[in-house]
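Novice: Based on what follows, work out the 3D shape:
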Amino acid sequence: MDLQILWFVLVAVLWSGYFLLEGFDFGVGMLLPFLPRNEGQRSAMFQSIGPVWDGNEVWLIAAGGLLVFAFPRAYAVAFSGFYLPLMLVLWLLVLRGVSIELRSHHGNPLWRQFFDAVFALSSAILALVLGVALGNVLRGVPLDQTGYFSAPLFSDFGTGGELGALDWYTVTVGLFAVATLAAHGAMFLRWKTAGALAARASGLAGRLWIASAALAIAVTAATAVVRPALLAALAGRPGLWILPAGAIAGFAAVFVALRRGWELGGFIASGATIAALLGMTAGALYPHLLPSSIDARFDLDIAGAANSAHGLAIGLMWWIPAIALAIGYFVYLFRSFRGKTQPGDDHA
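Specialist: Alright, predicted model coming up:
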């Protein structure tokens, strides 16, 4: 396999890993105002992600670092063009970490309610912003002959003319990300908690997956209008048809798991659905990293953004043992904290 293609696949895999792992953290945060009925249940939600949430964020560093190494020009162009959304993401990540660490430092209910609200709000906005970022990549960014772009936060919410980061299409993709990650978090809580909290998580998961499926259809239809070349590219690659089929099967498996009471199986089906959706997206985009909304001649593809062949080969030698250690650590971590977290007071 060509090294540029291999690194494109590896970058896509690591970003998918980030959305899968950090995704259920976001989901738990978004559900915090809706599921628990007392402090014991709120504590159980935090305990369910407590051992792993900061480790999950490492995958963001790994995915971003891999993008910098393998496709440095794509990193430079994207991060300079979306400087404000990037700063927003960084601040929201800080707020999430601070809220988790500080909520238990004082017993005053108002103190905990404040940091719970910060955690829930930052989780929801992060999911929305990451979904909007993906929507911008799918729609295309205003890359011109200079090879760079600068986009305002929003313009007229249209997908033509002067483009902003926010328009009706990218916001739709963002809402789809919010619904899907909230559903993923509900499946995680259904697996990791017990009693009334787990029962409410199970009931909410079904409604959230219905919303996710409806938004998936809406995003597909909107993509056919805004950027039909993506769907045409996917349709023209029969080897990738397994991915949309896998996404559809994943949605079906989630509902079967909910109906039959499969907890771990449901969470695995949830993750597999997200992985298939992200794989389908990467397959439709290939070989482009940043499509231009101005002219296809200005598209930034893997050939124009990649590091040297020698650098990619050397990097692969270091990446293989590093990712093996990271995966081994995460397997150990999840095995060490297996089992359910128990609410301190389950009277609800």
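Novice: so what's residue 96 closest to, chain neighbours aside?
Specialist: Distance criterion CB to CB, 6 or more residues apart in numbering; nearest residue to residue 96, sequence neighbours excluded, is residue 122 at 4.8 Å. C-beta: built from backbone N, CA, C; applies to glycine.
Novice: wait, isn't that neighbour in contact with residue 26?
Specialist: No - Residue 122 is not in contact with residue 26 according to CB atoms under 8 Å; the separation is 9.2 Å.
Novice: So those two - more neighbours on which side?
Specialist: Neighbours were counted for residue 122 and for residue 26 using other CB atoms under 10 Å; residue 26 has more, 28 against 22.
Novice: now residue 63: how far from residue 254?
Specialist: Plainly put, residue 63 is 25 Å away from residue 254 if you go by CB to CB, to the nearest Å.
Novice: which of these two has more neighbours?
Specialist: residue 254 (28 against 20).
Novice: Verify the stated contact: that one with residue 270.
Specialist: Yes - with contacts counted by CB under 8 Å, residue 254 reaches residue 270, the gap being 5.7 Å.
Novice: Overlap in contacts, these two.
Specialist: Taking CB atoms under 8 Å, 6 or more residues apart in numbering as the criterion, residue 254 and residue 270 both touch 183, 187.
Novice: Would you agree residue 92 is in contact with residue 128?
Specialist: No - using CB under 8 Å as the test, residue 92 is too far from residue 128 to be in contact (9.9 Å).
Novice: So residue 143, which state does it fall into?
Specialist: Following DSSP: H, G, I helix; E, B strand; the rest coil, residue 143 is assigned to coil.
Novice: Ok, the one 5 residues further on next?
Specialist: Of the three states, residue 148 takes coil according to three-state DSSP.
Novice: Spatially nearest residue to it (excluding sequence neighbours)?
Specialist: residue 77 (5.7 Å).
Novice: ok, so what distance separates the one you found from residue 229?
Specialist: The gap separating residue 77 from residue 229 is 20 Å, by CB to CB.
Novice: Which one's more surrounded, these two?
Specialist: Using other CB under 10 Å, the more surrounded residue of residue 77 and residue 229 is residue 77, with 22 against 13.
Novice: and the residue nearest the centre of the chain, what are its phi and psi?
Specialist: By CA atoms, centre = their mean, the chain has its centre lying nearest to residue 19, at 3.1 Å. Backbone torsions of residue 19, given as degrees, to the nearest 10, read phi -70, psi -30.
Novice: how about it, what does it touch?
Specialist: Residue 19 makes contacts with 130, 181, 274, 278, as judged by CB under 8 Å, 6+ apart.
Novice: Check what pLDDT it gets.
Specialist: Predicted confidence (pLDDT) for residue 19: 94.
Novice: what's the offset of stretch 209-228 from the middle of its chain?
Specialist: Here stretch 209-228 shows a centroid-to-chain-centroid distance of 17 Å under the convention CA atoms, centre = their mean, to the nearest Å.
Novice: Can you give me the buried ones in it?
Specialist: Residues 209, 211, 212, 213, 215, 216, 219, 222, 223, 226, 227 are the ones in stretch 209-228 that count as buried (16 or more other CB atoms under 10 Å).
Novice: Likewise for stretch 155-174?
Specialist: So stretch 155-174, judged by 16+ other CB under 10 Å, has buried residues 159, 163, 164, 165, 166, 167, 169, 170, 171, 172, 173, 174.
Novice: ends of that stretch, how far apart?
Specialist: 17 Å (CA to CA, to the nearest Å).
Novice: Show residues contacting that stretch.
Specialist: Residues contacting stretch 155-174 (CB under 8 Å, 6+ apart): 82, 84-85, 127-136, 138-139, 141-142, 151-154, 215, 218-219, 222-223, 226, 293.
Novice: one step back: the residue nearest to residue 96 belongs to a strand, doesn't it?
Specialist: No - under three-state DSSP, residue 122 falls outside any strand and is assigned helix.
Novice: residues near residue 282, how many?
Specialist: Counted with other CB under 10 Å, residue 282 comes out at 17.
Novice: Over to residue 9?
Specialist: Residue 9: 15 neighbours (other CB under 10 Å).
Novice: OK, contacts around it?
Specialist: So residue 9 contacts residue 282 (CB under 8 Å, 6+ apart).
Novice: Let me know the helix or strand that it is in.
Specialist: helix 3-31 (DSSP states H and E).
Novice: Return the distance of that helix from the chain's centre.
Specialist: 6 Å.
Novice: so what secondary structure elements neighbour the helix or strand following it?
Specialist: Under the assignment DSSP H and E, the closest C-terminal helix or strand after helix 3-31 is helix 39-49. Helix 39-49 sits against helix 3-31, helix 109-139, helix 168-192, helix 195-226, with contacts defined as 3 or more CB pairs under 8 Å, 6 or more residues apart in numbering; DSSP states H and E.
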